[in-house]
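1. Predicted structure and sequence below. I'll ask about it afterward.
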Amino acid sequence: MNLEQKINDDIRATMLARNPEKLEALRAIKAALLLEKTKEETTGEIDEATELKILQKLVKQRRESADIYRNANREDLAKKELFEASIIETFLPKQLSVEEVTAVVTKVVEQTGATSIKDMGKVMGIAFRELAGKADNKMISEIVKKMLGG
């Protein structure tokens with residue numbers, strides 16, 4: 001079952017359960033997917049990698065909004081954003097731990113023969129591809145910088 005079908009099924013179930021908070025998060029996913037499908041360069045179909053990027057972007061937006069709301073002393077709105085982020089995250093693959101990401105990055109550094117921060121771009125490109133959807137890009141870049149002495 002593809003992501004769009006899962007979302008539609010969850011929307012139906014959530015409407016029956018009368019859960020407006022969860023429904024709002026699901027509709028945000030559906031809207032983002034529809035927007036991507038209607039772009040000129042797409043054929044009306046979205047591949048799994050693009051779906052993952054969309055979901056990650058939605059989660060990141062919600063987390064950033066929650067931080068802004070916290071800084072403005074609006075904990076009620078921050079909670080809402082974090083709740084939506086948690087709902088969206090259920091459609092993402094299991095996120096890897098710092099140790100697991102470090103192991104993958106170590107392997108990439110060995111493969112590329114990277115020795116200094118100058119090789120960071122080479123390592124990052126491969127690491128991002130291997131860890132797409134499984135780890136936060138910010139965490140990946142911090143680990144790479146630490147390994148390459150940056």
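-> Arrived safely, thanks for sending.

2. If you count neighbours, what's buried in the strand or helix carrying R12?
-> Here R12, judged by DSSP states H and E, is contained in helix 3-17. For helix 3-17, a neighbour-count test (16 or more other Cβ atoms under 10 Å) marks 3-4, 7, 10-11, 14 as buried. Backbone N, C-alpha and C define where each C-beta goes, glycine included.

3. cool, stretch 103-111 as well?
-> For stretch 103-111, the neighbour count (16+ other Cβ under 10 Å) marks 104-105, 108-109 as buried.

4. Show me what stretch 75-91 is in contact with.
-> 3, 6-7, 21-22, 24-26, 28-29, 55, 58-59, 62-63, 65-67, 69-70, 95 (Cβ atoms under 8 Å, 6 or more residues apart in numbering).

5. From those, list the buried ones, please.
-> The buried subset of the contacts of stretch 75-91 (16+ other Cβ under 10 Å) comprises 3, 7, 22, 25-26, 28-29, 55, 58-59, 62-63, 65-66, 69.

6. give me the element K53 is part of.
-> With secondary structure defined by DSSP H and E, K53 is part of helix 48-71.

7. now that helix, how far from the chain's geometric center?
-> Distance of helix 48-71 from its chain centroid, counting by Cα atoms, centre = their mean, to the nearest Å, is 7 Å.

8. thinking again about what came up before, dump the buried residues of helix 3-17 to TSV, plus pLDDT.
-> Converted to TSV, these look like this (pLDDT from 0 to 100):
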residue	pLDDT
L3	83
E4	86
I7	90
D10	93
I11	92
T14	92
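
9. which one of the residues you listed is nearest D47?
-> Nearest to D47 among those: L3, at 10.6 Å, using Cβ to Cβ.

10. Phi and psi next, for the nearest residue to S116 once chain neighbours are set aside.
-> Nearest in space to S116, with sequence neighbours left out and distances taken as Cβ to Cβ, 6 or more residues apart in numbering, is L148 at 6.0 Å. The phi/psi pair for L148 (degrees, to the nearest 10) reads phi -90, psi 10.

11. what's the average pLDDT for stretch 65-84?
-> For stretch 65-84, mean pLDDT rounds to 94.

12. re earlier: got the angle for the helix holding R12 vs helix 48-71?
-> With axes from the mean of the first three to the mean of the last three Cα atoms, to 10 degrees applied, the angle from helix 3-17 to helix 48-71 works out at 50 degrees.

13. From A32, how far off is the residue sitting nearest the centre point of the chain?
-> Among the residues of the chain, the one closest to the centroid is Q56, at 1.9 Å (Cα atoms, centre = their mean). Distance check for Q56 against A32: by Cβ to Cβ, to the nearest Å, it reads 11 Å.
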